[in-house]
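Asks: Quick one: sequence plus predicted model below, questions after.
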There are 2 protein chains.
Amino acid sequence: MIHMKKTLLLGISTLLFSSFCLAAPKFNDKAIKQLQQNSQQSDLAYELVASLTTEIGPRLAGSENDLKAVDWAHQKMTELGFDKIYKQPVQVRDWQRVSASLQVSSPYQHELNVSALGGSISTPEQGIKASVVRFESLLDLQQANRQDVEGKIVYLAGKMERDKTGESYAKQVSARTHGAIAAAKLGAKAVIIRSISTASSANPHTGSLRYHPEIAKIPAAAIGVSSAELLDRLFSYDKGVEIALNIQNQEQNWKTSYNVIGEITGSTTPDEYVLLGAHLDSWDLGTGALDNGAGVAIVTAAAHAVKQLGQPKRSIRVVLFANEEFGLKGAKAFAKQHEQTLDNIVVAAESDFGAGDVWRFDTRVAHSALSFTDEILAKVRHLSVMRGHNRALGGPDVSVLAKLGVPVVNWLQDGRDYFDYHHSQEDTLDKIDPKNLQQNVSIYATFAYMVANSDINFRNQQDK
Amino acid sequence: MIHMKKTLLLGISTLLFSSFCLAAPKFNDKAIKQLQQNSQQSDLAYELVASLTTEIGPRLAGSENDLKAVDWAHQKMTELGFDKIYKQPVQVRDWQRVSASLQVSSPYQHELNVSALGGSISTPEQGIKASVVRFESLLDLQQANRQDVEGKIVYLAGKMERDKTGESYAKQVSARTHGAIAAAKLGAKAVIIRSISTASSANPHTGSLRYHPEIAKIPAAAIGVSSAELLDRLFSYDKGVEIALNIQNQEQNWKTSYNVIGEITGSTTPDEYVLLGAHLDSWDLGTGALDNGAGVAIVTAAAHAVKQLGQPKRSIRVVLFANEEFGLKGAKAFAKQHEQTLDNIVVAAESDFGAGDVWRFDTRVAHSALSFTDEILAKVRHLSVMRGHNRALGGPDVSVLAKLGVPVVNWLQDGRDYFDYHHSQEDTLDKIDPKNLQQNVSIYATFAYMVANSDINFRNQQDK
């Protein structure tokens, strides 16, 4: 069904883009220099993320604060002079954390730091007391025997490594997303995971989990890395480990949240647009400064910086997606609403990897457009950015569009510290270095400016 | 009263020490090398702190765990073959944390991370709602007008700097210890402080506070550094800040805890002893790995290492003090019980600054003994230790003895990370690098071995 539509779209796109010139245009170097200078000197992005985290704070999709953030975004875009600003309704879950506690009763008594995973059901009111069975990885659990797991609480002990790209996160996060399904399949009563984090910290890191419609839902929680290290040590006594886990959460009916979209309208081909994305929702434990207040601030400030130089030829649309954390609901709603006009998106980029500086430029564009991306890179190389590959997937939200054929770029940020804070109470403004934001804004602004003032086509012409 | 006793003691000491030789003895270099090699290769200290933090965990003075730790220490010293092991009763407070919460209601709503300071009274059951008045420092509060403070909650916002010696801690900690007195003097309802910590973290850092018998007791709490940064930002709106603070603690009658003392008995002058101190109690938020499980492990392992080389001439006494955190009660009890025999302490050293490596050697010894301390230093200089001054005060517990004339040394540890974790839930085993413990043990063992196998007198002869 989607493929048929895609073919149709590609047919239309042939008409739309057939007159496009593939040669890279010559840019006004002075303008780009000015743009970068303005961006490097502007506090706007920092002020935006400071405002969002201070005046709103945590904004779990569906919460009262989430709706406050929608109004906040609309208001800020208005103040910044975006040409068109509108909201797009998105249905989101209304899940709320109430409480979580975990006591080890054997071999030694301890109280561990624990938080429910996002979307977890509650334990019975009196909690669950059970012995714990430990697995090094989700794979080990998936290969376990039912008799070793049934009636127990599963503990997934996999460790994350520190790296620049989040490669280790991608590897370990399946314990969080799929742990409850794998454990329930074998009859476990609940699952706890070592936080998917690089911090040697007591703080638990939450994040979404999945349930399977045909497999029992069981409560799922993360313990802090320090608590996990302690638990590992308790296992080393070979005396068995018994715990009492109590998780209470609430889930009500679905609620309406919104994608907030702001446009700098183009002068020549206003329907064609560069999409700059980030997400407005956050987890509830911190104030969502890194995930994803920083991204919201970067893309908003970047579009504003371009506007300050004058109206671009193509439009720039900033899309602040609703509910990234609970299943990309905002991105999916956006894709659905725009399914007939996805070809209007020249290229999409998303900032959703904290507030580290950009160091690499990945793309997923037509071979014929690579020389243009080289030209973009040449303009930001002095900001310590290197070329990556042409197999980019886009950020989480934009990946939904990439799968539908939208060309994407990834401006990779240095994520070495990101998973120290991500999804925990440590995701707060004090973790952001304003200078890094300025570098990010400078790069996104350069990128948006160059694409919006060109007529480059990033799509494969042979597809048309 | 104390001065009279001291004079008497000094008189007695003249008789005791008059036959002492001041020249530095020649040491068996091979033995010292062996001692250091053994220490550098031994996991004993790490195993001890791992055992204490895993099998007991937090051990607030007066708690059930505190008494378990006393038994643990007795048992470990027995297993390690200490010659004499005994407990000395110490009366300690029985204060317990129950709960703490802090909501900002204006200018924007936030839930802050908060913990009661140790010893704080409770708020009324329904909490305290009040506007907040902010001071940069305790001094600013002390100089404030009553009308600016009365009926409000005082917020002390002073920041700690990262340094190697803890100098900044010494400067800032008065906000914690004296904030409640200064605030109550001016009619404040409660006091909250920015955690005395170098971590940019949401975690609150507790610690003891003082009340004055003639000034009203008010509730006192610490907020995490990230929460303090947020609060500072809320003040920047100039709209006033209102909070609701609820602290519930319990305090029962006094309880009995114990100093645990273990001796390696000397062959020649067993009554003379080198005192190696640390404290067994900890705060309740973490597992007391750095404060002061590491110290307990270092001094115990060092004494054991000396014993492994054969019986020293003088005795070595490891004193694991009770209740350092709540007013040095163990040290004071020790000083009182030994007041007639303090001159038997040749020199005292305490390890109570986390698990960083030793980098400096301070002393407070007679001028005539400095050449001997130089000789000690020469034996550990290859472990990256430099000479400090001769005005050492001793660690917290040992400072009680130093004030009574006992010669002391300080092996200064690198404390740059210590206050990231100290007194918070982050004080856990995973913060300890076993290699650093080995370096510490090697140094304490060398020091104890050299003093215990000498007849050096560290006291001023002109005092005698």
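Replies: All right, it came through fine.
Asks: pLDDT weak spots in the stretch 101-250 of chain A?
Replies: For the stretch 101-250 of chain A, no stretch has pLDDT under 70.
Asks: what about the strands in it?
Replies: For the stretch 101-250 of chain A, applying DSSP state E, counting those that start in this stretch gives strands covering A:110-112, A:114-116, A:128-135, A:153-156, A:190-194, A:220-223, A:242-264.
Asks: which residues touch the first one?
Replies: If you take Cβ atoms under 8 Å, 6 or more residues apart in numbering or on different chains as the criterion, strand A:110-112 is touched by A:Ser101, A:Leu102, A:Gln103, A:Val104, A:Ile223, A:Gly224, A:Ser227, A:Leu230, A:Leu231, A:Leu234, A:Ile243, B:Gly57. Bear in mind the C-beta positions are built from the backbone N, C-alpha and C, glycine included.
Asks: mind redoing it with 10 Å?
Replies: Strand A:110-112 has contacts (Cβ atoms under 10 Å, 6 or more residues apart in numbering or on different chains) with A:100-104, A:192, A:202, A:204, A:221, A:223-224, A:226-228, A:230-231, A:234, A:243, A:245, B:53-54, B:56-58, B:284, B:287, B:425.
Asks: Tell me which of these fall in helices.
Replies: Cross-referencing the contacts of strand A:110-112 against helices under DSSP state H gives A:Ser226, A:Ser227, A:Ala228, A:Leu230, A:Leu231, A:Leu234.
Asks: Out of those, flag the one nearest to A:Ser42.
Replies: Proximity of these to A:Ser42, judged by Cβ to Cβ, is greatest for A:Ser226, which lies at 39.0 Å.
Asks: dump the residue contacts of that closest one.
Replies: Going by Cβ under 10 Å, 6+ apart, the list of residues near A:Ser226 reads A:112-113, A:195, A:199-203, B:286-287, B:289, B:421, B:425-431.
Asks: Mark which of these are buried, thanks.
Replies: Buried members of those, scored by 16 or more other Cβ atoms under 10 Å in any protein chain shown, are A:112-113, A:195, A:199, A:201-203, B:286-287, B:289, B:421, B:425-431.
Asks: Would you tell me which helix is longest in chain A?
Replies: Scanning chain A for the helix with the most residues, using DSSP H, yields helix A:434-452.
Asks: just to revisit the earlier point, so for A:Gly62, which of the strands of the stretch 101-250 of chain A sits nearest?
Replies: Nearest of these to A:Gly62, taken as Cβ to Cβ: strand A:242-264 at 4.4 Å.
Asks: Starting from the helix or strand following the closest one, tell me which strands it pairs with and how they run.
Replies: Using DSSP states H and E, the next helix or strand after strand A:242-264 towards the C-terminus is strand A:269-279. The pairing partners recorded for strand A:269-279 under DSSP bridges are strand A:314-321 (parallel), strand A:345-350 (parallel).
Asks: what separates the helix or strand just after the longest one from the chain centre, distance-wise?
Replies: By that I understand strand A:314-321. For strand A:314-321, the following helix or strand on the C-terminal side (DSSP H and E) is helix A:329-337. Mean C-alpha position of helix A:329-337 versus that of the full chain (Cα atoms, centre = their mean, to the nearest Å) differs by 15 Å.
Asks: Tell me what angle helix A:329-337 forms with strand A:269-279.
Replies: Put simply, helix A:329-337 runs at 160 degrees to strand A:269-279, going by axes from the mean of the first three to the mean of the last three Cα atoms, to 10 degrees.
Asks: Please indicate which of the strands of the stretch 101-250 of chain A has the most neighbours on average?
Replies: Comparing these by mean neighbour count (mean count of other Cβ atoms under 10 Å in any protein chain shown), strand A:220-223 comes out on top with a mean of 30.
Asks: for it, packing partners?
Replies: strand A:84-106, strand A:114-116, strand A:153-156, helix A:174-185, strand A:190-194, helix A:225-235, strand A:242-264 (3 or more Cβ pairs under 10 Å, 6 or more residues apart in numbering or on different chains; DSSP states H and E).
Asks: Just the CA trace of the third one, in PDB.
Replies: C-alpha atoms of strand A:153-156 as PDB (Å, rounded to 0.1, in the frame of the first residue of the first chain):
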ATOM      1  CA  ILE A 153      12.500 -11.600  38.300                       C
ATOM      2  CA  VAL A 154      14.900 -11.300  35.400                       C
ATOM      3  CA  TYR A 155      17.900  -9.000  35.700                       C
ATOM      4  CA  LEU A 156      19.600  -7.900  32.500                       C
END
